[in-house]
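Colleague: Structure for this input, please:
(chains A, B, C and D, ligands or ions: 4)
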Amino acid sequence: MTVESTAARKPRRSAGSKTGTTRTTAQSADAPAADAPPTAAKRVTAKRAATKKPAAKPVVKAVAKPAGTGTDPDLVQLLTPEGRRVENAAYDPYVAALTSDDLRGLYRDMVLTRRFDAEATALQRQGELGLWASLLGQEAAQIGSGRATRPDDYVFPTYREHGVAWCRDVDPTNLLGMFRGVNNGGWDPNSNNFHLYTIVIGSQTLHATGYAMGVAKDGADSAVIAYFGDGASSQGDVAESFTFASVYNAPVVFFCQNNQWAISEPTERQTRVPLYQRAQGYGFPGVRVDGNDVLAVLAVTKWALERARRGEGPTLVEAFTYRMGDHTTSDDASRYRHDDERVAWEAKDPIARLRTYLEASNHADEGFFAELEAESESLGRRVREVVRAMPDPDPFAMFEHTYADGHALVDEERAQFAAYQASFTDVEGA
Amino acid sequence: MTVESTAARKPRRSAGSKTGTTRTTAQSADAPAADAPPTAAKRVTAKRAATKKPAAKPVVKAVAKPAGTGTDPDLVQLLTPEGRRVENAAYDPYVAALTSDDLRGLYRDMVLTRRFDAEATALQRQGELGLWASLLGQEAAQIGSGRATRPDDYVFPTYREHGVAWCRDVDPTNLLGMFRGVNNGGWDPNSNNFHLYTIVIGSQTLHATGYAMGVAKDGADSAVIAYFGDGASSQGDVAESFTFASVYNAPVVFFCQNNQWAISEPTERQTRVPLYQRAQGYGFPGVRVDGNDVLAVLAVTKWALERARRGEGPTLVEAFTYRMGDHTTSDDASRYRHDDERVAWEAKDPIARLRTYLEASNHADEGFFAELEAESESLGRRVREVVRAMPDPDPFAMFEHTYADGHALVDEERAQFAAYQASFTDVEGA
Amino acid sequence: MTMAAETVTSRTVTSQSMALAKAINESLRKALESDPKVLIMGEDVGKLGGVFRVTDGLQKDFGEDRVIDTPLAESGIVGTAIGLALRGYRPVVEIQFDGFVFPAYDQIVTQLAKMHARALGKIKLPIVIRIPYGGGIGAVEHHSESPEALFAHVAGLKVVSPANASDAYWMMQQAIQSNDPVIFFEPKRRYWDKAEVDVEAIPGPLHKAKVVREGTDLTLVAYGPMVKLCLEVAGVAAEEGRSLEVLDLRSVSPLDFDTVQASVEKTRHLVVVHEAPVFFGSGAEIAARITERCFYHLEAPVLRVGGYHAPYPPARLEDEYLPSLDRVLDAVDRSLAY
Amino acid sequence: MTMAAETVTSRTVTSQSMALAKAINESLRKALESDPKVLIMGEDVGKLGGVFRVTDGLQKDFGEDRVIDTPLAESGIVGTAIGLALRGYRPVVEIQFDGFVFPAYDQIVTQLAKMHARALGKIKLPIVIRIPYGGGIGAVEHHSESPEALFAHVAGLKVVSPANASDAYWMMQQAIQSNDPVIFFEPKRRYWDKAEVDVEAIPGPLHKAKVVREGTDLTLVAYGPMVKLCLEVAGVAAEEGRSLEVLDLRSVSPLDFDTVQASVEKTRHLVVVHEAPVFFGSGAEIAARITERCFYHLEAPVLRVGGYHAPYPPARLEDEYLPSLDRVLDAVDRSLAY
Ligand SMILES: Cc1ncc(C[n+]2csc(CCOP(=O)(O)OP(=O)(O)O)c2C)c(N)n1
Ligand SMILES: Cc1ncc(C[n+]2csc(CCOP(=O)(O)OP(=O)(O)O)c2C)c(N)n1
Ligand SMILES: [Mg+2]
Ligand SMILES: [Mg+2]
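Modeller: Numbers count the residues shown, from 1 in each chain, chains lettered A, B, ... in the order given. Ligands and ions are numbered 1, 2, ... in the order given. Predicted coordinates for the structure are as follows:
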């Protein structure tokens, strides 16, 4: 591990925080207990929001209706696209304790994640990777939610959660193995409580639910978070995971990144109503959050995770965001969507908006940004070097790990393969 | 077909109606256009409800929220368990045109269906059937919804919709083939627009949705109704059918008979909130109706079917009812549920309540009931006779209908089987 | 390479006569007792004790937290079992009938079978999926199928099927202790067949075939419900002066070709019997591999007796569809006539 | 019983060189034009034209009502296609990749395959399920599998796979016209291979194998992506003085054993090649049945070359995993050495 990775430097700590206080459970005592607070928000000056004084403790009255009921409410948003901090009595407490360091940390996470992602895209173009699924545009959704988790929580990603992996201290170069074609995942899920990437859409939501059922059985207060996309919401497995999570009151947060597209299909091909509303019919709350607002995502995810810890069961969080790039490097989005859509979303860029806010409220100075730029470059370099050095696996690896306890046929085939390989050596040797 | 079957006597007509007017689409003009009317109901005397004068045309204001939103409303009920007619401005129009004949027809359908069901149970005990799945207690849910359909509508049943089959003029003895083990269904689904029984839980909801998509493509104004149970609501297929139906705005009614049990599991093992609420998160209305009240079921189903015809898309109807018997003849419900529950539901019997109402409002006299008793007996007799006479299929039937266009291997195996069979004849002949 | 079948060490004092279903019940009970991580999951496994009563009494004694009635969703059952296994549990999942495993097929094939390899061995999936399978009980559609080939073809799964109560007891113990996913096919029509079960015995390896009757003229290979039939066939054949050796494979993946090979090298004739359709069934793999191993020993091609290429027929036809005494004898005759 | 392969009548004037993917595209276009009941359904089949562009331009020309982008749910796609077929439509369904067919497996196996039989022939299910399959394109997990055996074992389904553009065009026409469900496996690594396609030809029967190279010493049997490899093997072997006959099965269910038998009676040696794992793969069924039919003709056991009993490996290993020129030649050597 080299110095440029947050993950490496401050393992299992809040982004940029030296003390890690924002990650403690104790803090949840401040949080409102209601299922979901009202989402009405009012604008305050960036200046005011930037003061360290925690927002006044809100008196949130328990609402009978979970969030996401009835007519579509506004997004939960704490930071406008223009970088202004807006007040939200319900969710402010979840970010109230963030220090300047924390805020810079979130910014740094997003910048480095984007840099890593760009590097991977470049490596694919250079033929070093077979494929890459870019998270461009979804940095806030991933860093905000990833930073909301505790080390003992467990994360079940799709194939695009590079930012969440970053928050979980997974060495980013580890993520590249499967895209390079040297393994199908390969990291140890238990060393960072970050499960392997799952490609079969939706499957992991059931694993997350089962894992959460196990957490509850153990009497632990950890929580589980399952990532999936807007397209995935149509899969039967996702619906079944909602049912199981609800029936067993499992401590799981369903985190749907609605990036508006499932390859070439817009969200309207999956649903006629906002996705967060899906939850209610399964008996738990759903909330839509501005997925390009890292503070809002952090707050909403913390709220949901803490509900889970308190034994209040599952939550669905819909992070409303946008896939700025192609679906993967194999895709060509120009075939099915207009540039204006992308342009409109560029104005809501998660990194730009936090930068405006940081600058306007003097949370960061030029030095910080310059240093980060350098760090970013060095991350890119490291990723490049590591990937290029990644060796092809030994052919005999094919015969490893199909079974934990062995299998006679595998032994037989391995032996046949060895004999076959040896036949060349013999010839060559002869 | 013998005389005792309504199905046989009045093919494709409304129950007991000589004119069939209650089945015409034209009538839907009377119906309120709102998504779902409020469910508040007030009691009126049985006497008053019994007058032929149609209820005043209600002015139902279009409500933004579909039925089944927010807190659990009362059941839609038009007839109390005690047999009193209650007023319901929203749904009364759908039953306003029912004549005494119609009402007696509904009663007759329920009685004969129950009789048929009892006969089948008896035949199973006598070893004539391998299994029977009784509908005891669910007569109103099935007759009410079945009688709401038009001949050109299409029905996708589970394995328990004997009452719906009755309404679709399917010869009831046809239903017994699969339970006797002489076929796996075997009737022609297209002759009565009544699909084969489906055993793999939930699968048929997708077939219904696809069929409805086809109806819409054809520009027809038919509707489709898919039956499934409370247990089935957990299956991924059912959720996927909700998504497809909503996205394609398919003219399909999802009719869930919540009979409180999925074999030994109470509905709480499938959901924490009332099932009809599931619909909203998929973008269409859900309504809970008293499934033991044939009038309410008829009204709600008609409303839902007419929405579908008008191009307003799918509806979920949850018929709240009770499985009075064992799951099937192989089951022993005493292992997992208390008698008191059954006793409580007996007080809500669908047939008894309609009888009370018919008697109290002079819709039927002793002669009717006596005649029906005789008809019932004769139905039982016919069923018994037909079943006992059902021959075992020819062994060569195994090789038929696996494919429509033939298959070389089937031909080969048929020939081998013939040779094998012949080897005995040869020996016996020798 | 070839080994004779191992005999289970039997101490009569701990042995008792038990129906196959009861033997599995006892085995599950023992597993629940000895390992707090073992869970039972499925539809109706709780109060009802399963539709075949295989889990009878377990929820009462171990509680709803260990013996779990699940929602009616097979993909959900297997998918959450995977999550529970990742958390350190050892779920034993019941699929109510053979024909209802297919909604879970995706989770089994794309997730359960591959996750250990995907993680380069870093995580284990010790999950047993119990499936009552096969015909002969006069059931309706989807309740009589034999889909074992659809699992054996998939690497990452182990597939076993006991033929008698004693094996049912011990193989279930071993399957639960296995760190690999095991698809455990229970021959439902043998649920009520009794046999001596010695709960203190030292069982042989899970994936080893057994010679259940020795013979010299022809080898009959079967597993699960067809072993009993093959023993009957051997009995009848003996009266006709033919000495048939009967092998109980017990495991379909891995498949103990060594034991089959040893037998065929002796008898030079092989007939494979299973309920599943012949086309692409286990018999094909056995025939292909044994022919390769015993090319110069075989005096006749390996013959297969099984279901036809048709959906499982309605109950009144199943006796014609399933391998029967006569059909197997016919194959024996044909083999020996070469 | 045995018949030589039929040759497609070719009129050069209507013939043009076309990539395999384009040939399917043209075939779908023709079907959409000639039968208003034909529909295309799947994920991304519309504007995108599918991830392999096989449906390119079809939605533009035939509208969203005939070329339907579906929600992301394979069970839903196949399940609704069944409903549409019941309404009289002829849906051609695309599954995006081989590894994603499993969520639809239940609908395919328990519903699609059995519904015609269940209705005693009263209803027909003319549905084609297109599956780009197989490896060799350096893809990530679930994008390179060959699950054909898992469908061939199931009665009620027909399973085919073209090896070249011409067959792709015609077999698709025939599959769509078939009144039975057809699982249409498209060899994705051959999508870009060009061949002459005569769109006015009179094709031979869909389920008939073709002798694509005549030979006398040994028969190589393959289908889909492996046919090209086998032709290459035959070329190399010819240089070594060995005359290999190559058969393109085209159809896995039904499987044209007659054509295979005829060839093997001549060559007396058979090697079967497929990408799918050998264990319980097509090769097993072919070996078993051909050994039965040609017991006295075979001079060597039927040998099989295919994938190993392991999940499809990461891309950098696939060349080792897949049958290769050398691995097939090795099997040829071994067979001829008997
Ligand atoms: C079961 C399954 N079907 C199809 C695919 C092919 N596929 C890969 S990604 C994708 C779209 C996913 O969309 P969404 O869930 O919105 O996630 P996103 O890619 O937008 O992050 C599809 C169809 C798959 N991986 N798995
Ligand atoms: C996929 C599948 N899993 C399991 C079963 C076994 N099974 C048959 S009926 C049933 C319960 C169904 O409950 P519900 O949907 O409420 O319908 P009900 O029987 O109450 O009418 C179960 C589990 C099945 N038929 N299909
Ligand atoms: Mg998306
Ligand atoms: Mg029920």
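
Colleague: CA only for contacts and neighbour counts going forward, please
Modeller: OK.

Colleague: Please report the number of neighbouring residues for A:Ala347.
Modeller: Residues lying near A:Ala347 (other Cα atoms under 10 Å in any protein chain shown) number 12.

Colleague: Ramachandran angles for it?
Modeller: When read as degrees, to the nearest 10, the backbone of A:Ala347 gives phi -70, psi -20.

Colleague: wait, what's in contact with it?
Modeller: Counting by Cα atoms under 8 Å, 6 or more residues apart in numbering or on different chains, A:Ala347 makes contact with A:Pro81.

Colleague: any idea of the pLDDT on it?
Modeller: We have a pLDDT of 97 for A:Ala347.

Colleague: what's the answer for A:Gly16, then?
Modeller: Listed pLDDT for A:Gly16 reads 33.

Colleague: likewise A:Thr243?
Modeller: Confidence at A:Thr243, expressed as pLDDT, is 98.

Colleague: From chain C, how far out is it?
Modeller: Separation of A:Thr243 from chain C (Cα to the nearest Cα, to the nearest Å): 8 Å.

Colleague: Can you name the residues that contact that residue?
Modeller: Shown in contact with A:Thr243 (Cα under 8 Å, 6+ apart): A:Tyr282, B:Ser234, B:Gln270, B:Thr271, C:Pro71.

Colleague: try 7 Å this time
Modeller: Applying Cα atoms under 7 Å, 6 or more residues apart in numbering or on different chains to A:Thr243 gives the contacts A:Tyr282, B:Ser234, B:Gln270, B:Thr271.

Colleague: tally of neighbours for residue 317?
Modeller: I went with chain A, as the question did not name one. Using other Cα under 10 Å, A:Val317 has 29 neighbouring residues.

Colleague: To clarify, I was referring to chain C.
Modeller: Quick note: C:Leu317 (other Cα under 10 Å) scores 21 neighbours.

Colleague: Show the contacting residues for it.
Modeller: Shown in contact with C:Leu317 (Cα under 7 Å, 6+ apart): B:Pro395.

Colleague: distance of the residue in the stretch 201-338 of chain C that chain A sits nearest to from chain D?
Modeller: Of all residues in the stretch 201-338 of chain C, the one sitting closest to chain A is C:Pro254 (5.9 Å; Cα to the nearest Cα). From C:Pro254 across to chain D, the span is 10 Å (Cα to the nearest Cα).

Colleague: I'd like the distance between that residue and chain B.
Modeller: Using Cα to the nearest Cα, C:Pro254 is found at 29 Å from chain B.

Colleague: Verify the stated contact: that residue with C:Pro205.
Modeller: No: the pair C:Pro254 / C:Pro205 is not scored as a contact, 11.6 Å apart, by Cα atoms under 7 Å.

Colleague: And those two? Which one has more around it.
Modeller: Using other Cα under 10 Å, the more surrounded residue of C:Pro254 and C:Pro205 is C:Pro254, with 23 against 11.

Colleague: ok, that one - contacts?
Modeller: Applying Cα under 7 Å, 6+ apart, the residues contacting C:Pro254 are A:His407, A:Ala408, A:Leu409, C:Lys158, C:His207.

Colleague: swap in A:Arg108?
Modeller: A:Leu372.

Colleague: any idea of the mean pLDDT for the helix or strand where it lies?
Modeller: According to DSSP states H and E, A:Arg108 maps onto helix A:100-125. Average pLDDT, helix A:100-125: 98.

Colleague: for it, which positions count as buried?
Modeller: Using 16 or more other Cα atoms under 10 Å in any protein chain shown as the test for burial, helix A:100-125 gives A:100-124.
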